[in-house]
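A.B. asks: structural data only, the sequence is not supplied:
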RNA sequence: GGCGCAUUCGUCUAACGGUUAGGACGCCGCCCUCUCAAGGCGGUAGUACGAGUUCGAUUCUCGUAUGCGCUACCA
């Protein structure tokens, strides 16, 4: 046992994207590797943007990746059998919107210690202030106008119905430093930071504040999050100090960029994690790829199972520069992992695409066998119907190159069909033996009969190993397909 | 504008200050082969720029450039 506790704290606004997925994964891998706890917390203090569907997609996405949280939100069935979102764990609730009293308490502490104050400035005043600061090319930040309002002034403004925000009083002239788990020592002068808002006029906390309160109350030992939070860290550290709380360790992960180097956008990388799942990427590949996006072993090894990642992963081996999301490599990894699965496993995972293609009417064993035969060609689960469909349905259209070359082969194929009738049992081995013997007897190159047979059987010039395919179809079906081929291209010449 | 963080093949990355700068994806070629794949072998391509420290910098320091982030009653 130890006291390693990490958390993944997404805000439920929009879909669960790749960057978040990686942050969650790294937190989880770190916890698993160190025997720590992984906590899921939903940062829904932005009432306007937070949505329940988004919470669901986060939960679904984490589950897809095989990430399990020790504490956090849970979807359970209520008495009526409907889904209901609750939380499990000793430090709950795990939704910030349900933790308002904790934030209020902490604000009161800060207020009475004069480390925070009420600010009545309007948006307009603030905007004007910012504008003039920008023009004078200096620091941009709150001027501290309301820092020393008297009780009388405050009462007066309150009486007027003005609702203040709460600002944190930043100490002047000091340097805030911390040791980042990936980047090392980072320090910033407090003078660069203006008194920032910690609570909105409506009484809801601002991220930097809620985050500190929660991380402390949830006993988080390591805060592992995106690089975009580096600049927030000094503010948070000042809050920890003002509240008299122990500061956790911080580690900032690099950003994930789009192929053109910009921030990940819809175009190439930044779709929802779930879209990748729907597109036929499997858990192992996504986890593997995400792990590699910002982390590497000393030997730059590529293929890792989730279990291996749990053992091998370490924050200290994470890189410090942004990574570009590369679909090609993800696709390659997906093919690698699919290849290592059994046909039955692939079939099970592809059940949705199989069903959608209307192929669920075929026996599972047949589907499994077909997939087994073709699995090293499957890059994505969604490719399965096109890869094996013709094995089940003989009503296919011949490929163009088959059409153009078929006519010359009809005579020899018809002759081969007769030879095949006596193949018993109709196994791959037996068929191969028959076909090779046939070629020898006819004094033709094996290729000149192999290819035509393939065309007759499948209507395409690429596909599974010929004899396995033939055996898979079975004698009746194979002969029938050959008959159809002869019918289509036989013309007047016939036999 | 200010501050912060970053910068090795197109991409992901490896390299106690001393390596012909390694691996992987992609691309190209060859081999294997009943096709397509898979696999094997080989090739392509990189230390942003400029100083400094050092016998020696990808590696340490500084500057420049570029990118990204924060500078919100977003997270």
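C.D. replies: Thanks, I have the structure now. What you see is a predicted model, and the numbers here were worked out from it, not measured in a lab. Numbers count the residues shown, from 1 in each chain, chains lettered A, B, ... in the order given.

A.B. asks: break down the stretch 51-200 of chain A into its helices, ranges please.
C.D. replies: For the stretch 51-200 of chain A, the helices defined by DSSP state H, counting those that start in this stretch cover A:52-65, A:100-112, A:123-135, A:151-159.

A.B. asks: close to RNA strand B, is the longest one?
C.D. replies: Read it as helix A:52-65. No - judged by CB under 7 Å from any atom of the strand, helix A:52-65 and RNA strand B are separated, with a smallest distance of 11.6 Å. Just so you know, the C-beta spots here come from the backbone N, C-alpha and C atoms, and that holds for glycine as well.

A.B. asks: figure out how far that helix is from the centre of its chain.
C.D. replies: Relative to the chain's own centre, helix A:52-65 is displaced by 10 Å; criterion: CA atoms, centre = their mean, to the nearest Å.

A.B. asks: flag every buried residue along it.
C.D. replies: Applying a neighbour-count criterion of 16 or more other CB atoms under 10 Å, the buried positions in helix A:52-65 are A:54, A:55, A:56, A:57, A:58, A:59, A:60, A:61, A:62, A:64, A:65.

A.B. asks: packing partners of that helix?
C.D. replies: Counting contacts by 3 or more CB pairs under 8 Å, 6 or more residues apart in numbering; DSSP states H and E, helix A:52-65 packs against helix A:18-34, strand A:72-77, helix A:273-278, helix A:283-292.

A.B. asks: what mean pLDDT would you report for the first one?
C.D. replies: Across helix A:18-34, the average pLDDT comes to 96.

A.B. asks: circling back to that earlier point, weakest of the helices of the stretch 51-200 of chain A by average pLDDT?
C.D. replies: Among the helices of the stretch 51-200 of chain A, helix A:123-135 scores lowest, at a mean of 90.

A.B. asks: does RNA strand B sit close to that one?
C.D. replies: Yes - using CB under 7 Å from any atom of the strand, helix A:123-135 reaches RNA strand B at A:123, A:126, A:130, A:133, A:134.

A.B. asks: how many other residues sit next to the fourth one?
C.D. replies: It refers to residue A:133. For residue A:133, the neighbour count with other CB atoms under 10 Å is 16.

A.B. asks: kindly report the same for the second one.
C.D. replies: Residue crowding around residue A:126 was assessed by other CB under 10 Å; the count is 15.

A.B. asks: distance of the nearest residue in space to it that is not next to it in sequence relative to residue A:130?
C.D. replies: Counting by CB to CB, 6 or more residues apart in numbering, residue A:142 is the residue found nearest to residue A:126 once chain neighbours are left out, at 7.4 Å. For residue A:142, the distance to residue A:130 equals 9 Å [CB to CB, to the nearest Å].

A.B. asks: helix or strand next in line after the helix or strand harbouring residue A:335, which one?
C.D. replies: Per DSSP states H and E, residue A:335 falls inside helix A:327-339. Later in the chain than helix A:327-339, the nearest helix or strand by DSSP H and E is helix A:343-349.

A.B. asks: and that following helix, what does it pack onto?
C.D. replies: Counting contacts by 3+ CB pairs under 8 Å, 6+ apart, helix A:343-349 is packed against helix A:364-374.

A.B. asks: the helix or strand following the helix it packs on: which residues count as buried?
C.D. replies: Per DSSP H and E, the first helix or strand lying C-terminal to helix A:364-374 is helix A:384-392. Neighbour-count burial for helix A:384-392 flags A:384, A:385, A:387, A:388, A:390, A:391, A:392 (criterion: 16+ other CB under 10 Å).

A.B. asks: got the contact list for helix A:384-392?
C.D. replies: Contact partners of helix A:384-392, identified using CB atoms under 8 Å, 6 or more residues apart in numbering, comprise A:280, A:346, A:350, A:353-354, A:357, A:359, A:362, A:366-367, A:370-371, A:373-374, A:377-378, A:396, A:458-460, A:463-464, A:469, A:472-473.

A.B. asks: filter the residues you listed down to the buried ones, ChimeraX style.
C.D. replies: Restricted to buried positions by 16+ other CB under 10 Å, the ChimeraX selection for the contacts of helix A:384-392 reads:
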select /A:280,346,350,353,354,359,362,367,370,371,373,374,377,378,458,459,460,463,464,469,472,473
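
A.B. asks: out of the contacts of helix A:384-392, which are close to RNA strand B?
C.D. replies: A:377, A:463, A:464.

A.B. asks: spatially, what comes nearest to the first one if we skip its sequence neighbours?
C.D. replies: Read that as residue A:377. Spatial nearest neighbour of residue A:377, excluding adjacent residues (CB to CB, 6+ apart): residue A:387 at 6.1 Å.

A.B. asks: and the most centrally placed residue in chain A, what does it touch?
C.D. replies: What sits nearest the mean C-alpha location of chain A, by CA atoms, centre = their mean, is residue A:273, with 3.6 Å. Residue A:273 makes contact with A:15, A:16, A:17, A:18, A:20, A:21, A:61, A:64, A:65, A:286, according to CB under 8 Å, 6+ apart.

A.B. asks: 6 Å instead, please
C.D. replies: Residue A:273 makes contact with A:16, A:21, A:61 under the criterion CB atoms under 6 Å, 6 or more residues apart in numbering.

A.B. asks: then residue A:179?
C.D. replies: Residue A:179 sits next to residue A:185 when contact means CB under 6 Å, 6+ apart.

A.B. asks: tell me the bridge partners for it.
C.D. replies: Bridge pairing for residue A:179 (DSSP bridges) gives the partners residue A:185.

A.B. asks: which positions in stretch A:30-40 come out as buried?
C.D. replies: The neighbour-count check on stretch A:30-40 (16+ other CB under 10 Å) flags A:30, A:31, A:32, A:33, A:34, A:36, A:37, A:38, A:39, A:40 as buried.

A.B. asks: just those residues now: which is nearest RNA strand B?
C.D. replies: The closest of the buried residues of stretch A:30-40 to RNA strand B turns out to be residue A:40 (CB to the nearest atom of the strand; 13.0 Å).

A.B. asks: name the nearest residue to the closest one, ignoring sequence neighbours.
C.D. replies: What sits nearest to residue A:40 in space, not counting adjacent residues and going by CB to CB, 6+ apart, is residue A:72, at 3.1 Å.

A.B. asks: which parts of the stretch 101-250 of chain A sit against RNA strand B?
C.D. replies: So the stretch 101-250 of chain A meets RNA strand B at A:122-123, A:126, A:130, A:133-134, A:137-142, A:163, A:165, A:183-184, A:186-189, A:192, A:194, A:196-197, A:200-202, A:204, A:206-208, A:227-232 (CB under 7 Å from any atom of the strand).

A.B. asks: repeat the analysis, applying 6 Å as the threshold.
C.D. replies: By CB under 6 Å from any atom of the strand, the part of the stretch 101-250 of chain A that sits against RNA strand B consists of A:123, A:126, A:137-141, A:165, A:183, A:186, A:188, A:192, A:194, A:197, A:200-202, A:206-207, A:227-228, A:230-232.

A.B. asks: between the helices and strands packed on helix A:52-65, which gets nearest to residue A:318?
C.D. replies: Evaluated over the helices and strands packed on helix A:52-65, closeness to residue A:318 peaks at helix A:18-34, with 7.4 Å, by CB to CB.
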